[in-house]
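J.: Starting from these lines, generate the structure:
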Amino acid sequence: MNNSMTPKEKLNALGLQLPEISTPGGSYVSVNTRGNIAYVAIQFPIRNGEYLYQGRLGDTITTDQGYEAMKLCALNVLAQIDEKIGFDAIEGLNHIDAYFQSSINWDDSPIVVNGASDLFIEVLEQKGIHTRAIFGVDKLPRNFSVGLTTSFTLKTT
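T.: Model (predicted):
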């Protein structure tokens with residue numbers, strides 16, 4: 001992909017669009033900035049208000065669907081960044097925490113989380129390189145199969 005393209009142009013080239021940002025489901029903000037670090041609250045596979053990919057990985061949700069679900073979570077992170085901070089203010093993505101709910105014997109979480117990691121690197125290039133942690137949980141809100149939190153370093157002025 002052309003390195004002079006903006007993140008939005010890269011998304012368009014990939015055939016993707018940023019979804020409408022979701023609003024917090026509790027007493028918190030979707031993006032919180034402390035110093036030059038921005039923390040993005042957990043994002044779920046929601047597209048323009050529609051809840052998608054609900055269920056357990058390895059049961060009602062396949063690994064391939066989980067990859068797409070995590071990719072959608074990453075799109076929602078990017079939508080939050082675009083709306084609340086702006087891509088030009090981003091120095092880089094630091095870390096992602098990925099959460100999933102699955103059947104007892106399912107064990108392909110790294111493949112699923114690559115849905116987010118791959119998208120961040122494709123769209124943000126060097127700024128999208130990150131560390132990550134993956135957590136299997138018993139239950140996610142609204143029975144979502146996956147969720148994603150992130151932190152970004154912001155450029156200093």
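
J.: Pairing partners for Val146 in the sheet, please.
T.: Phe100 (DSSP bridges).

J.: Surely it and Gly66 touch.
T.: Yes. Using C-beta atoms under 8 Å, Val146 makes contact with Gly66 at a distance of 6.2 Å. All C-beta spots, glycine's among them, are computed from the backbone N, C-alpha and C.

J.: who's more crowded, those two?
T.: Val146 (33 against 28; other C-beta atoms under 10 Å).

J.: circling back: list residues touching both of Val146 and Gly66?
T.: Counting by C-beta atoms under 8 Å, 6 or more residues apart in numbering, the shared contacts of Val146 and Gly66 are 53, 57, 100, 112.

J.: need the longest helix for the protein.
T.: helix 63-84 (DSSP state H).

J.: my guess is Pro110 is in a strand, correct?
T.: No. According to DSSP: H, G, I helix; E, B strand; the rest coil, the state of Pro110 is helix, so it is not within a strand.
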